[in-house]
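In: One predicted model, sequence on top.
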Amino acid sequence: MLRGSTRQFPVTVWSIAALCAAFAPMATAVGDDWPQWMGPSRDNVWREDGLLDTFPAAGPTVLWRTPIAGGYAGPAVAAGRVFVTDYVTDADVKVANFERKASTGTERVLCLDEATGKLLWKHEYPVTYTIAYPAGPRCTPTVDGDRVYTLGAEGNLCCLNVADGRLLWSRDLKADYQAKAALWGWASHPLVDGDRLVCVAGTAVTHSVAFDKMTGKEIWRAGKAPEQGYSPPTIIETGGKKQIVFMKPDGIYAVEPATGQILWESPYNADNGSIIMAPVQVGEYLYVGGYQEKNLLLKLGSGKPEVVWRNKAKHGVSAVNVQPFAADGLIYGFHEKGDLRAVAIPSGEVVWKGGGPLGERPQGSGTAFIVRQADRYWMFAESGDLVIATMSPTGYSEISRSHLLEPTNTAFGRNVVWCAPAFANRSVVVRNDKEIVRVSLAR
């Protein structure tokens with residue numbers, strides 16, 4: 001998902017291997033898919049084993065490369081297929097475009113064979129972009145059984161048949177809910193919850209909507225907001241009950257999943273409407289951090305949460321492109337100034353900070369997507385490097401790195417690739433604005 005600050009630029013099943021897998025990494029094996037943003041459980045945890053301890057000197061084996069067009073949307077991997085979205089246009093998309101000049105092109109949903117990278121089908125539709133950083137879609141496809149759901153940068157929501165790409169239903173969130181695209185477009189990854197597809201839709205008409213995932217018919221709507229924001233719907237559990245939490249530029253609220261009834265609300269004030277990260281639950285606490293230290297910590301309970309602190313200077317993490325990760329009683333994440341930091345909860349104190357995989361001189365909105373596997377972390381950095389590292393309450397330590405892709409876009413005057421990877425079947429799948437690659441990470 002594209003994330004950033006309007007001040008400078010705009011900017012989540014254990015494997016069962018065949019006995020011969022250790023000797024033949026390409027042998028048939030049953031492993032984890034990565035069917036949505038942040039993986040199977042939407043928690044950025046990779047639950048496979050049998051992986052490289054360090055990268056070989058020549059780099060890991062590239063299984064295939066397939067040309068694609070522009071976009072920030074990460075791939076999803078499920079049922080032997082890779083799903084990714086892009087934007088084909090003749091316009092110059094390597095611009096900030098704060099003036100929101102319109103560009104016309106085609107958004108596409110591509111389905112590739114996971115083993116070969118061959119294009120199996122595509123679905124496309126014309127679209128006019130009116131957003132900043134108009135390289136392409138932001139939201140990772142969501143695969144659920146025989147259906148895949150995609151959300152384009154201008155609010156085009158599609159439900160497609162996994163097998164052949166046939167359009168089963170669609171919604172135009174901009175038209176249906178009388179909404180204008182936020183500065184960086186629709187970027188809140190849809191959530192499948194039971195028989196519902198939950199989305200951040202709009203502003204004055206409604207902020208959130210649940211659709212029947214089979215038909216596209218609206219089931220419920222909840223909340224209103226001055227802008228959509230970019231934070232995805234997030235499931236938490238508190239008081240023994242499941243809730244869906246939404247962030248918006250002027251507040252946070254939770255709904256009852258089946259009905260959309262608002263269970264509680266709390267004020268929030270995002271800088272320039274920029275609330276990006278999904279709320280992170282750490283035990284009985286719920287944290288969110290936006291630009292300019294517009295942070296908020298809530299203590300959860302059976303009723304309305306208690307505000308522990310808000311907008312606490314020199315505390316917390318103001319997340320941009322990277323969804324923070326909770327472990328060890330800490331929150332690990334990249335701050336808006338580009339430094340990797342560990343933050344204690346509930347105090348909010350910064351336990352340590354540094355460049356992490358980005359080097360000793362972090363730059364604004366420095367990006368390296370964080371995924372945990374066993375006792376280590378895999379981080380895909382904006383330089384196109386994949387890094388194996390450890391993080392703990394005592395600090396960050398790099399184990400190994402390898403260069404996978406060239407940065408093809410620009411931000412802050414530097415070349416970047418801002419796309420969350422998918423980790424599936426002992427491989428990583430990741431894209432830039434020119435190609436998508438699958439690289440083996442099998443031991």
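Out: Looks like it came in fine. Numbers count the residues shown, from 1 in each chain.
In: residues contacting the spatially closest residue to Gly223 that is not a sequence neighbour?
Out: Nearest non-adjacent residue to Gly223, counting by C-beta to C-beta, 6 or more residues apart in numbering: His207, 3.7 Å away. Quick note: C-beta positions are derived from backbone N, CA and C, even for glycine. His207 is in contact with Val200, Ala201, Ala222, Gly223, Lys224, Ala225, Gln228, Phe246, Lys248, counting by C-beta atoms under 8 Å, 6 or more residues apart in numbering.
In: repeat that with 6 Å
Out: Gly223, Lys224, Ala225, Lys248 (C-beta atoms under 6 Å, 6 or more residues apart in numbering).
In: for Phe83, same thing?
Out: Taking C-beta under 6 Å, 6+ apart as the criterion, Phe83 is in contact with Ala76, Cys111, Pro141, Val148.
In: returning to that earlier point: include neighbour count, pLDDT and distance to Val387 when you put the contacts of His207 into TSV, please.
Out: Formatted as TSV, these follow (neighbours: other C-beta atoms under 10 Å; pLDDT from 0 to 100; distance: C-beta to C-beta, whole Å):
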residue	neighbour count	pLDDT	distance to Val387
Gly223	20	96	38
Lys224	15	95	42
Ala225	25	93	36
Lys248	24	93	33
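In: quick one: which of the residues you listed is nearest Val343?
Out: The shortest approach to Val343 among the contacts of His207 belongs to Lys248, at 22.8 Å (C-beta to C-beta).
In: rewinding a little: please tell me which one of the contacts of Phe83 counts the most neighbours.
Out: Pro141 (29 neighbours; other C-beta atoms under 10 Å).
In: what's the closest non-adjacent residue to Tyr149?
Out: Thr142 is the one closest to Tyr149 (C-beta to C-beta, 6+ apart), at 4.5 Å.
In: Please look at Thr106 and Val88 and confirm they touch.
Out: Yes - counting by C-beta atoms under 6 Å, Thr106 sits close enough to Val88 to count as a contact (4.6 Å).
In: chain center to stretch 434-443: distance?
Out: In this view, stretch 434-443 has its centroid 19 Å away from the chain centroid, taken as C-alpha atoms, centre = their mean, to the nearest Å.
In: For stretch 51-58, measure first residue to last.
Out: Stretch 51-58 has an end-to-end distance of 17 Å (criterion: C-alpha to C-alpha, to the nearest Å).
In: neighbouring contacts of stretch 68-82?
Out: By C-beta under 6 Å, 6+ apart, stretch 68-82 touches 2, 33-36, 83-88, 93, 111-112, 114, 135-141, 143, 418-420, 422, 424, 429, 433, 436.
In: Check which helices and strands the host helix or strand of Ile235 sits against.
Out: Here Ile235, judged by DSSP states H and E, is contained in strand 234-238. On a contact count with 3 or more C-beta pairs under 6 Å, 6 or more residues apart in numbering; DSSP states H and E, strand 234-238 meets strand 241-248.
In: got the contact list for the strand it packs on?
Out: 207-208, 225, 229, 231, 233-236, 253-255, 257, 263, 275, 279, 288.
In: Okay, now the unreliable bits of the stretch 301-443 of the chain?
Out: Counting by pLDDT under 70, the stretch 301-443 of the chain contains no low-confidence segment.
In: which stretches of the stretch 1-150 of the chain have low pLDDT?
Out: Applying pLDDT under 70 to the stretch 1-150 of the chain flags residues 1-31.
In: Let me see the contact set for the residue nearest to Lys213 when sequence neighbours are not counted.
Out: Spatial nearest neighbour of Lys213, chain neighbours left out: Leu197 (4.3 Å); criterion: C-beta to C-beta, 6+ apart. Each residue near Leu197 by C-beta under 6 Å, 6+ apart is listed here: Tyr149, Pro190, Phe211, Lys213.
In: Give me the sheet partners of the helix or strand that Leu197 is a member of and which way each runs.
Out: If you go by DSSP H and E, Leu197 is part of strand 196-200. Here strand 196-200 is paired, per DSSP bridges, with strand 191-193 (antiparallel), strand 208-212 (antiparallel).
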